[in-house]
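**Student:** Here's a sequence, model it:
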Amino acid sequence: MPSVTVEIPERLATLMKGLPIEKMAYEAIVLDLYRRATISSGKAAELLGLSHIDFIKSSGKLGIPFIQMSPEELASEVATAKSI
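**Tutor:** Here you go, the predicted model:
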């Protein structure tokens, strides 16, 4: 597996002492890829070893919405649902 070296300011490194840094970084990267819609929620769940439902709950607790649509898209979906 490829590796990357990241320099972290000493004051941040001090706060992170004793924490599982590699795991935290991996999770943060996967969540950011999902938040940016680079990967799907299913792929993110798979990468994190979670069920799809557990990923949705977990990301929601972190403030990352499961449904990502613009106000216009939402209005269109609501109009479509009302017409059925």
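**Student:** and the residue nearest in space to the middle of the chain, what is it in contact with?
**Tutor:** Residue closest to the mean C-alpha point of the chain, counted by C-alpha atoms, centre = their mean, is Leu31 at 2.2 Å. Shown in contact with Leu31 (C-beta atoms under 8 Å, 6 or more residues apart in numbering): 44, 59, 62, 64. Where C-beta positions appear, they are placed from N, C-alpha and C, glycine not excepted.
**Student:** Check the offset of the helix or strand hosting Lys82 from the chain's centre.
**Tutor:** Assigned by DSSP states H and E, Lys82 belongs to helix 71-83. Counting by C-alpha atoms, centre = their mean, to the nearest Å, helix 71-83 is centred 26 Å from the centre of its parent chain.
**Student:** Lys43: neighbouring residues, count only.
**Tutor:** Per other C-beta atoms under 10 Å, the neighbour tally for Lys43 reads 14.
**Student:** so who does it touch?
**Tutor:** With the criterion set at C-beta under 8 Å, 6+ apart, Lys43 makes contact with Tyr34.
**Student:** pLDDT wise, what is it at?
**Tutor:** Here, the pLDDT recorded for Lys43 equals 96.
**Student:** And Thr80, by the same measure?
**Tutor:** Thr80 is given a pLDDT of 91.
**Student:** Tell me how far it lies from Glu73.
**Tutor:** For Thr80, the distance to Glu73 (C-beta to C-beta, to the nearest Å) stands at 11 Å.
**Student:** What residues of the lengthiest helix in the chain count as buried?
**Tutor:** If you go by DSSP state H, the chain has its longest helix at helix 21-35. Across helix 21-35, burial judged by 16 or more other C-beta atoms under 10 Å covers 27, 30-31, 34-35.
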